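Undergrad: Sequence and computational prediction follow.
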Amino acid sequence: MKATASYKVNTWEEQPYEEISPGMKLTRASVEYGFTGDLEGKGKVEYLMFYSRFDAANPHNATASYLGLIRFTGALAGKTGSFVLTDNGAFQAGTARSRLLIADDSGTGDLRGISGTGMYVADKDGFRLELDYRLS
């Protein structure tokens with residue numbers, strides 16, 4: 001089955017944990033997203049990020065790669081519960097692009113047994129997510 005959603009950033013708290021050189025760093029970010037569409041609910045995520053280029057005067061000019069674990073809680077096509085997504089992406093020229101994978105055995109409630117993959121794009125035009133999933 002296919003699901004689409006948009007999302008917004010409810011909170012974003014990011015801190016560096018290692019400065020490699022001026023403009024290059026490693027950070028950790030705690031984020032909460034609000035989802036609407038086929039996915040209705042919240043996603044809490046922890047990201048580890050590597051900035052190969054960072055400009056404090058204009059953060060949207062950064063180049064970064066990131067890994068995250070998102071726990072979605074809410075409803076997917078009317079079924080309630082939660083599941084975990086692995087998030088592997090990159091940010092460049094003001095656009096974040098990610099590949100998503102539903103973690104094995106992470107589904108709860110009506111979403112128990114969920115599996116699948118997806119992607120999202122976040123840019124100046126908004127935040128769009130697509131998910132191909134199965135419920136067993």
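TA: Structure's in. What do you need?
Undergrad: what sits against D87?
TA: By C-beta atoms under 8 Å, 6 or more residues apart in numbering, the residues touching D87 are V45, Y47, Y66, L67, G68, L69, I70, S98, R99, L100. Any C-beta I mention is one placed from the backbone N, CA and C, and that applies to glycine too.
Undergrad: same thing but at 6 Å, please
TA: G68, I70, S98, L100 (C-beta atoms under 6 Å, 6 or more residues apart in numbering).
Undergrad: Give the helix, strand or coil label for it.
TA: strand (DSSP: H, G, I helix; E, B strand; the rest coil).
Undergrad: Check what pLDDT the nearest residue to it once chain neighbours are set aside gets.
TA: Nearest residue to D87, sequence neighbours excluded (C-beta to C-beta, 6 or more residues apart in numbering): G68, at 3.9 Å. Listed pLDDT for G68 reads 98.
Undergrad: Next one: G89 relative to G116, how far apart?
TA: 17 Å (C-beta to C-beta, to the nearest Å).
Undergrad: Can you name the residues bridging to L39?
TA: L76 (DSSP bridges).
Undergrad: And for it, the neighbour number?
TA: 22 (other C-beta atoms under 10 Å).
Undergrad: Does R134 touch S115 like I think?
TA: Yes - with contacts counted by C-beta atoms under 6 Å, R134 reaches S115, the gap being 5.3 Å.
Undergrad: CA atoms of the helix or strand harbouring the residue nearest to D87 as CSV?
TA: Here G68, judged by DSSP states H and E, is contained in strand 63-76. Output in CSV follows, covering the C-alpha atoms of strand 63-76 (Å, rounded to 0.1, in the frame of the first residue of the first chain):
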residue,chain,number,x,y,z
THR,A,63,26.1,20.4,3.1
ALA,A,64,25.4,17.6,5.5
SER,A,65,24.7,13.9,5.8
TYR,A,66,22.6,12.4,8.6
LEU,A,67,21.2,9.3,10.2
GLY,A,68,18.1,9.2,12.4
LEU,A,69,15.6,7.0,14.1
ILE,A,70,12.0,8.3,13.9
ARG,A,71,9.3,6.9,16.2
PHE,A,72,5.9,7.7,14.5
THR,A,73,2.9,7.6,16.8
GLY,A,74,-0.6,8.1,15.5
ALA,A,75,-2.7,6.8,12.7
LEU,A,76,-1.8,5.4,9.3
